[in-house]
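predicted structure and sequence below. I'll ask about it afterward.
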Amino acid sequence: MVTQEQRKRQLAREKFLRQQQRRTAARRKARVRNSVIGSVLGVILVGSLALYTSGVMKDDDKASASAKTSPSAAATSKAPDPCEKAAAGKVKTETWKKEPAMTIDKSAKYTFELATTCGEIDIALKTSAAPHTVNSFDFLAGKGFFDHTKCHRLVTNGIYVLQCGDPTGSGSGGPGYTIPDENLKDKSLKSNVYPAGTVAMANTGQAHTGGSQFFLVYQDSQLPPSYTPFGTISESGMKVLKKIAAAGESTGAGDGAPNATVVINKATVTKS
C-alpha cells in the first residue's frame, strides 16, 4: 500500500517531469524558430562577411522569418528592362583611409538626388539625426564616387529593398573607410520595421561598418534596427523605385541583380 509520503514524492516527481518536458519543448521550439529565422536571413540578405567592410546588409540585418513573397517576386529574368541607356562615363575607383572631416551644417536641410537611368530619385536627408552619414554622402557625391555606378541588388522576398552605392557592383566595394551607426532609434522604425520610403545604410552585420552602400525600401520590411536610417524618398522617387522593383530580379529566387539596369548617372547632395 502506498503511504501518504510516498504519494507526495510520486506527485513531486511527476510535477518535475512535466516541468522538464515543458522546458525541453520550449527550447526545441526556440531552436526551430531561430533556425528558421537564420536561414531566411541568410537567403535574404548579404552573402557573407567576406563581402567587406563594404556596407552590405548581412545575416543579422535580415528580415523576418515569415519571408512573404511580394508581387514583384514572381518576376523572372525574362522581365523587360524599363530603364534607359546609361550616360557615358566611368566609375571612379578612388578610396580614402579616414572618414572625411565634418563640413556640413548639422542644422541645415540636405537632399540626396539620384539621377538614374530609370528616373530621378530624390531623398530628403536626416541631417541632424545622422550627421556623420550625411556628411560622408556629401563628401562622396562631391567626389563623383556614385556616378556611373550600378544598383547591384534587388530583394523581393522577405524584405523589399534596392541596394546601391558599390562602385564595384559586386556587393563588396566601399570608400575605404567606415562611419558610425546613427539614428537607430528613429521614430519611424516601429516593431523592427523599416517603412517604405526609407533609405538606410548597409553594413557587414557588425556595428559601425557602414561605408558607401545603402538600400532603398520600396515596401515595408522587417529588419533589426541595425542600419542607419538617414533619408526619406520623395513620392515621385517612390514611383521610380517601384517601377524598378516591378521588373523583378535576375535569379527568380527573390535576391539578385535587378532586371532593370539601374545606373546612377549622377549623384548630388544639395543644401537647401
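That came through, no problem. Numbering: from 1, shown residues only.

contacting residues for the residue nearest to Leu114 when sequence neighbours are not counted?
Excluding its sequence neighbours, the residue lying closest to Leu114 (Cβ to Cβ, 6 or more residues apart in numbering) is Ile121, at 4.2 Å. All C-beta spots, glycine's among them, are computed from the backbone N, C-alpha and C. The contact partners of Ile121, by Cβ atoms under 8 Å, 6 or more residues apart in numbering, come to 113-114, 216, 233-234, 237, 240-241.

try 7 Å this time
Taking Cβ atoms under 7 Å, 6 or more residues apart in numbering, we find Ile121 in contact with 114, 233, 237, 240-241.

what helices or strands is the lengthiest strand in the chain leaning on?
In the chain, assigned by DSSP state E, the strand with the most residues is strand 263-271. Applying 3 or more Cβ pairs under 7 Å, 6 or more residues apart in numbering; DSSP states H and E, we find strand 263-271 packed against strand 110-116, helix 131-142.

any idea which of those is most buried?
helix 131-142 (a mean of 22; mean count of other Cβ atoms under 10 Å).

re earlier: looking at the helices and strands packed on strand 263-271, spot the one closest to Thr168.
Of all these, helix 131-142 sits nearest to Thr168, with 14.5 Å by Cβ to Cβ.

and for that closest one, what are the contacting residues?
99-100, 102-104, 106, 110, 112, 125, 127, 146, 175, 179-180, 182, 201, 212, 228, 230, 267-269.

ok, now stretch 106-117?
By Cβ under 7 Å, 6+ apart, stretch 106-117 touches 83-86, 104, 120-125, 127-128, 131, 134, 137-138, 231, 261-272.

ok so, going back, now the residue nearest to Leu114: how far from Thr270?
Counting by Cβ to Cβ, to the nearest Å, the separation of Ile121 from Thr270 is 14 Å.

picking that back up, wait, a strand at the residue nearest to Leu114?
Yes. Checked against DSSP: H, G, I helix; E, B strand; the rest coil, Ile121 lies within a strand.

can you classify Gly89 by secondary structure?
Following three-state DSSP, Gly89 is assigned to coil.

next: the one 5 residues further on.
For Glu94, the secondary-structure state derived from three-state DSSP is coil.

could you report the pLDDT at it?
At Glu94, the pLDDT value in this model is 97.

what is the burial count for it?
Neighbourhood size, Glu94 [other Cβ atoms under 10 Å]: 11.
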